[in-house]
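# Quick one, what's the 3D model for this:
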Amino acid sequence: MYPHEEVKKSDYFRKALGNMVKHGGKLASIRFGLTGDGVAPNYMIIDPQNGKHPFHGNGHGPFKEAPGNQFADDRLAPAMSFTDVQQQIQRCISDSK
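Numbering: from 1, shown residues only. Below is the predicted model of the structure:
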C-alpha cells in the first residue's frame, strides 16, 4: 500500500487536483511521495509537455527546495491520472460514511 492510499481527507486530493488543473488539467498526471505516514504526502505533477512540478503535501504550495525542481523517481509512486485522483476523492468520501 502506498502512503497516499492512507490519506483519509478528500480535501487533500481536491487540492492536489486543483494543482493538476493549473498544470495541464485532465492531461496531467501526478506521482505521490513514498515516504511518510500517509497524512499529506508530497507529490509531483507532470504536465502534458513532461514538465515536472513538485508540491508540498501540507499546504499544496510549490516545493521549491526540490533538487532540479523534481523528486527522485525512486521516491515516487507510479503516475496516476486526473480520473484516478477523482477516484481517491470518492474513496475518502465513502470511507468517512
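# need the contact list for the nearest residue to Gly57 once chain neighbours are set aside.
If the residues on either side of it in the chain are set aside, Gly57 comes closest to Ala40, at 3.5 Å by CB to CB, 6 or more residues apart in numbering. The C-beta positions use only the backbone N, C-alpha and C, and glycine is treated the same way. When contacts are counted by CB atoms under 8 Å, 6 or more residues apart in numbering, Ala40 touches 7, 12, 57-58.
# Let's see the PyMOL selection covering just the buried ones among those.
Of these, the buried ones can be selected in PyMOL as follows, counting by 16 or more other CB atoms under 10 Å:
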select buried, resi 7+12+57
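# Filter the contacts of Ala40 down to the ones in helices?
Among those, the ones falling in helices (DSSP state H) are Tyr12.
# of all the contacts of Ala40, which two lie farthest apart?
Comparing every pair within these by CB to CB identifies Val7 and Asn58 as the most remote, at 11.9 Å.
# Fine, thanks again, bye for now.
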